[in-house]
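Enquirer: Pasting the sequence and the predicted coordinates here, then a few questions.
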Amino acid sequence: MRNLDCNALIDEARFNPFHWRVLFWCALIIIFDGYDLVIYGVVLPVLMREWGLTPLQAGALGSYALFGMMLGALFFGSLSDRIGRKKVIAVCVILFSGVTVLNGFARNPTEFGLCRFVAGLGIGGVMPNVVALMSEYAPKKIRSTLVAIMFSGYSVGGMLSAGLGIVLLPAFGWQSVFYVAAIPLLLLPLILKHLPESVGFMLRQGREQEAREVLQQVEPGFVPQAGDRFVQALPAATGAPVLQLFRQGRALSTLMLWLAFFCCLLMVYALNSWLPKLMTSAGYGLGSSLMFLLVLNFGAIFGAVGGGWIGDRLSLPKVLVGFFVMAALSISLLGFKSPSPLLYALIAIAGASTIGTQILAYACVAQFYPMAMRSTGLGWASGIGRSGAIVGPLLGGALVAVELPLHYNFMAFALPGAVAALAMCFVYPRRAGALPLAEAGV
């Protein structure tokens, strides 16, 4: 009889079609997750004109989805460690996809805001769970890269939202871009069929045969023997799940990760919500302003994948420090008159170092916490960070309302980047590792 560490088996596995399948379905979910979120920035100039919204009202309306995301991340992140990630992902897809379609039928700001809030519950809840699932099954040597590639779907969704906005808004109105969100709802049966459950959850539930079958797909060369028993390097946490995030020397790092998430998401959602409007106010046409939003999300893909590749070779927290510094500098420069090529380059860098850094931050948190509390850690980091996402659109609305010079708006958006860089200096990855098997009582 052998005690086999399933974490070690996954860590050393060779990348194969199983990993491709997990990557594909998780990325597809994130693509539409990003689409449903960025869509507000796309329709914002039209809604302000059609419904006569003031900048402060528009900022508040944009925050409804983000408030829902905060609650969704906190609730569904912890719930999945108890009932399984697959069930929670299905519920979240139904919420964010189905209710976003209903958003297209909203007749006034109240109905629109209510739909955005409910959709936000699903958007916020699905993020920590797909990140945790991808991180759990990714081989250790390419884990940051795979999580970054998967989460780059968020930026693809943002680009899709901006691109379809350019095409659909003039021809079919703002409602049409919301109807596209029905696609993941139609694909849900395939998602449930092909997406695996967390192997850690299956073992905690005593479903060893199912876990054995999944692990044979993870590493086809693995040949189980009769009587083999699968174990994890760290037993399931006992007591309140949130309190586990502050034990075994994780307290300071947990708080600093929460602060970095807050600052990062403030920058991301301030830019996604207000970049088109600010650029329209600066004299650019709506089509050009939406193109800036597309470039912002395009740059995020390169930032996430490149940062993930570097993070697999260096300390991921150190990579995040550098990216946050880059974000502060590039956003600060956006408010000054620049030639078009330089302006597009700065927007791409800002996307790489804000949205791209958000993706890397999720990968960092996924690696920081042991498997038994990974979704809880991701959910709370994301949920606390969502308060920054709520502040972002409100801050943008307040700045536009007082009619400050353009560069002051962008300098206000850039300041959180410097704070986040400082916070990441106090995250200690050496304290994130699971206990050795002997200490875990295995």
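Expert: Yes, it's here.

Enquirer: Residue 23 touches residue 145, doesn't it?
Expert: No - under the criterion of C-beta atoms under 8 Å, residue 23 makes no contact with residue 145, lying 10.5 Å away. Glycine gets a C-beta too; all of them are placed from N, C-alpha and C.

Enquirer: List the contacts of residue 142.
Expert: Applying C-beta atoms under 8 Å, 6 or more residues apart in numbering to residue 142 gives the contacts 15, 312.

Enquirer: That one: what secondary structure?
Expert: At residue 142 the chain is in helix, as set by DSSP: H, G, I helix; E, B strand; the rest coil.

Enquirer: Name the nearest residue to the residue nearest the centre of the chain, sequence neighbours excluded.
Expert: Centroid-nearest residue in the chain: residue 127, 5.2 Å away (criterion: C-alpha atoms, centre = their mean). Distances taken as C-beta to C-beta, 6 or more residues apart in numbering place residue 382 nearest to residue 127, at 5.8 Å, with adjacent residues excluded.

Enquirer: How far away from the center of its chain is whichever strand or helix holds the one you found?
Expert: Using DSSP states H and E, residue 382 falls within helix 374-401. Offset of helix 374-401 from its chain centre (C-alpha atoms, centre = their mean, to the nearest Å): 12 Å.

Enquirer: helices and strands around that helix, which ones?
Expert: On a contact count with 3 or more C-beta pairs under 8 Å, 6 or more residues apart in numbering; DSSP states H and E, helix 374-401 meets helix 55-83, helix 109-137, helix 241-244, helix 251-281, helix 340-368, helix 406-424.

Enquirer: coming back round to it: so which of residue 23 and residue 145 has more stuff around it?
Expert: The neighbour comparison of residue 23 against residue 145 (other C-beta atoms under 10 Å) goes to residue 145, with 22 against 19.

Enquirer: Just the pLDDT for the more buried one.
Expert: Here, the pLDDT recorded for residue 145 equals 82.

Enquirer: now do residue 230
Expert: For residue 230, pLDDT reads 67.

Enquirer: before we move on, the earlier item: now do the helix holding residue 382 against helix 251-281, angle only.
Expert: 40 degrees (axes from the mean of the first three to the mean of the last three C-alpha atoms, to 10 degrees).

Enquirer: neighbours around the residue nearest to residue 127, how many?
Expert: Residues near residue 382, counting by other C-beta under 10 Å: 29.

Enquirer: Go ahead and confirm it touches residue 126.
Expert: No - the pair residue 382 / residue 126 is not scored as a contact, 10.4 Å apart, by C-beta under 8 Å.

Enquirer: Look up which helix or strand residue 10 falls in, please.
Expert: Judged by DSSP H and E, residue 10 forms part of helix 6-11.

Enquirer: Is residue 314 within a helix or a strand, and which one?
Expert: With DSSP H and E as criterion, residue 314 is part of no helix or strand.

Enquirer: Could you do the one 5 residues further on as well?
Expert: Secondary-structure element containing residue 319, defined by DSSP H and E: helix 316-334.

Enquirer: what packs against that helix?
Expert: Partner elements for helix 316-334 (3+ C-beta pairs under 8 Å, 6+ apart): helix 251-281, helix 286-311, helix 340-368, helix 406-424.

Enquirer: where are the low-confidence patches of the stretch 1-150 of the chain?
Expert: 1-4 (pLDDT under 70).

Enquirer: do the stretch 151-300 of the chain as well
Expert: Scanning the stretch 151-300 of the chain for pLDDT under 70 picks out 224-228, 230-241, 282-290.

Enquirer: now with 50?
Expert: Low-confidence segments of the stretch 151-300 of the chain (pLDDT under 50): 234-239.

Enquirer: before we move on, the earlier item: so can I have TSV of the helices and strands packed on helix 316-334 showing distance to residue 9?
Expert: Shown next, in TSV, are those (distance: least, C-beta to C-beta, whole Å):
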stretch	distance to residue 9
helix 251-281	27
helix 286-311	23
helix 340-368	17
helix 406-424	31
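
Enquirer: With respect to residue 91, which of those helices lies nearest?
Expert: helix 340-368 (20.1 Å; C-beta to C-beta).

Enquirer: so what secondary structure elements neighbour that closest one?
Expert: helix 109-137, helix 143-151, helix 153-172, helix 251-281, helix 286-311, helix 316-334, helix 374-401.

Enquirer: quick one: buried residues of the second one?
Expert: In terms of neighbour count (16 or more other C-beta atoms under 10 Å), helix 143-151 has its buried residues at 143-151.

Enquirer: so who does residue 364 touch?
Expert: Residue 364 makes contact with 257, 311, 316-317, 320, 427, according to C-beta under 8 Å, 6+ apart.

Enquirer: So for stretch 15-26, what gets flagged as buried?
Expert: Residues 18-19, 22-23, 25-26 are the ones in stretch 15-26 that count as buried (16+ other C-beta under 10 Å).

Enquirer: after the helix holding residue 10 comes which helix or strand?
Expert: Remark: after helix 6-11, the chain's next helix or strand is helix 17-51, criterion DSSP H and E.

Enquirer: List the buried residues in that next one.
Expert: In helix 17-51, counting by 16+ other C-beta under 10 Å, buried: 18-19, 22-23, 25-48.

Enquirer: If I take it and helix 109-137, what angle do their directions form?
Expert: Going by the same axes, to 10 degrees, helix 17-51 makes 160 degrees with helix 109-137.

Enquirer: So that it lines up with my notes, have the first residue be 36 from now on.
Expert: That works, and once the first residue is 36, the last one we named lands at helix 52-86.

Enquirer: For residue 112, which of the helices and strands packed on helix 351-369 is the nearest?
Expert: Counting by C-beta to C-beta, residue 112 lies closest to helix 375-403 out of those; the figure is 10.6 Å.

Enquirer: Report the angle between that closest one and helix 188-207.
Expert: Going by the same axes, to 10 degrees, helix 375-403 makes 130 degrees with helix 188-207.

Enquirer: Would you mark the buried spots in helix 375-403?
Expert: Of all the residues in helix 375-403, those buried under the rule 16+ other C-beta under 10 Å are 378-403.

Enquirer: Any figure for the gap between the residue nearest to residue 48 when sequence neighbours are not counted and residue 366?
Expert: Excluding the flanking residues, the one nearest residue 48 by C-beta to C-beta, 6+ apart is residue 254, at 4.2 Å. Taking C-beta to C-beta, to the nearest Å as the measure, residue 254 falls 44 Å from residue 366.

Enquirer: go on, residue 375?
Expert: 18 Å.

Enquirer: just residue 244 next, same as before
Expert: Distance from residue 244 to residue 366, by C-beta to C-beta: 52 Å.

Enquirer: out of those two, which sits in the more crowded spot?
Expert: residue 366 (27 against 9).

Enquirer: From residue 443, how far out is the nearest residue to that one once chain neighbours are set aside?
Expert: Computed as C-beta to C-beta, 6+ apart, the closest residue to residue 366 that is not its neighbour in sequence is residue 449, at 3.8 Å. Distance, residue 449 to residue 443, by C-beta to C-beta: 11 Å.

Enquirer: Sounds good, over and out.
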